[in-house]
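Chemist: for reference, the sequence and a predicted model appear below.
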Amino acid sequence: MAMQGTLLEFILGWLMIPWRIFVEIYRHAFPPANEAGEHEHEGMLDASSGDITIDKRELSHWTKLSQQWWDPEGDFALLHGFNHCRIPMILDAYSKYIAQKPLPDTNPLRGAKIIDVGCGAGFVSEPLREYGADITGVDMVPAVIELAKAHWNERHPTEIGPDYLCTSVEEISSQRPEEFDMVLCLEVLDHVANWKEFAAQSCRLLRPGGCAIFSTINRTLAALIIAIIGGEHLLRIVPMDTHHLRKFIKPSEVEYELNKHGLVQVNLTGCTPVDPWARRPRWSDVSYCGVTYAITAVKRA
């Protein structure tokens, strides 16, 4: 992957590696006191508000980066590349578990009701809408939602785009339970304050017989080295302080929580770049799930 940043930034990033490794391992073993309770720590909104999955520090982080989302050479270039495996995965899941037949070449998702929870600037919502899906995109960063709307209107000024909403998963799940054929939570779980509650509310949105896809980063030494040290310090292709080992989640933990809410795992796959030295690499599904992975699950009818 092509590196990004000034020589001084690279040197500082490399010099910080031993300290970052120590901090990540220490905070994984001994979480900060203000994170001891998932519902009360100061980085979240008050639990009485009902929005107990929202992490204010994450909102601040993504707000600062909001104008870079659609820059193909910016800090989100890595996420752009994910669509090479995520979009085919979504189409395949819809074909197998919802339509239960091959999809047409034109508008393959026509009639599909899909919600993209934590949609960001629309990397996934936008192409799914182009495939004909009736898609709702939800995110808690107002600037990012406005950017998503503007990008669609710039590219498709005469067409109806995704229904982008700036709201929490708790709010929309209370208003529209069991409404959607598919629920997507892609690269989101490790950025919320209470991932178990976030997953539970996302499951609530899914109709019986519907299909959900959750993707995130595994809590492994490989993920620490590749996602944090490699991505943030060595290559600087991910904004610093984006990921933290203590917030990574093992696939078995996600599967357990999904089972509690009536979903059965039907597929587990990893993801790796096929051209790792590109600035905007293309990603492909692999069997190794030690770094990034995606779980596909179906809700019991």
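Modeler: Yep, it's here.
Chemist: how far away is residue 84 from residue 53?
Modeler: Remark: distance between residue 84 and residue 53 (C-beta to C-beta, to the nearest Å) = 29 Å. C-betas here are computed from N, CA, C, even on glycine.
Chemist: not counting sequence-adjacent ones, nearest residue to residue 58?
Modeler: Leaving aside its sequence neighbours, residue 58 sits nearest to residue 191 (C-beta to C-beta, 6 or more residues apart in numbering; 4.9 Å).
Chemist: what's the helix or strand hosting residue 181 packed up against?
Modeler: Following DSSP states H and E, one finds residue 181 within strand 180-186. In terms of contacts (3 or more C-beta pairs under 8 Å, 6 or more residues apart in numbering; DSSP states H and E), strand 180-186 is packed against helix 77-93, strand 113-117, helix 195-204, strand 206-217.
Chemist: for residue 84 and residue 53, indicate the residue with more neighbours.
Modeler: For residue 84 and residue 53, the more surrounded residue by other C-beta atoms under 10 Å is residue 53, and the numbers stand at 28 against 18.
Chemist: quick one: low-confidence parts of the chain?
Modeler: 1-6, 33-52, 62, 66, 276-280 (pLDDT under 70).
Chemist: show me where it has helices.
Modeler: Taking DSSP state H, the helices of the chain run over residues 7-15, 17-29, 56-64, 77-93, 125-130, 142-155, 169-175, 195-204, 221-223, 251-260.
Chemist: which one of those lies closest to residue 267?
Modeler: Taking C-beta to C-beta, helix 77-93 is the member of these nearest to residue 267, at 7.6 Å.
Chemist: with just CA atoms, put the strand holding residue 181 into CSV.
Modeler: In CSV, the C-alpha atoms belonging to strand 180-186 read as follows (Å, rounded to 0.1, in the frame of the first residue of the first chain):
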residue,chain,number,x,y,z
PHE,A,180,-35.9,-4.7,6.7
ASP,A,181,-35.0,-7.7,4.6
MET,A,182,-31.3,-7.0,5.2
VAL,A,183,-29.4,-5.2,8.0
LEU,A,184,-25.8,-4.2,7.3
CYS,A,185,-23.3,-3.2,10.1
LEU,A,186,-20.0,-2.9,8.3
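Chemist: partner strands of it, with direction?
Modeler: Partner strands and pairing direction for strand 180-186 (DSSP bridges) are strand 113-117 (parallel), strand 206-217 (parallel).
Chemist: just the angle for the last one relative to helix 77-93, thanks.
Modeler: Note on geometry: by axes from the mean of the first three to the mean of the last three C-alpha atoms, to 10 degrees, strand 206-217 and helix 77-93 are set 140 degrees apart in direction.
Chemist: okay, the strands paired with strand 180-186, which one's buried deepest?
Modeler: Mean neighbour counts were compared across the strands paired with strand 180-186 using mean count of other C-beta atoms under 10 Å; the top stretch is strand 113-117, at a mean of 26.
Chemist: got CSV for the helices of the chain, with distance to residue 284 too?
Modeler: Compiled in CSV, the helices of the chain are given as follows (distance: least, C-beta to C-beta, whole Å):
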stretch, distance to residue 284
helix 7-15, 28
helix 17-29, 27
helix 56-64, 27
helix 77-93, 6
helix 125-130, 17
helix 142-155, 26
helix 169-175, 29
helix 195-204, 26
helix 221-223, 17
helix 251-260, 18
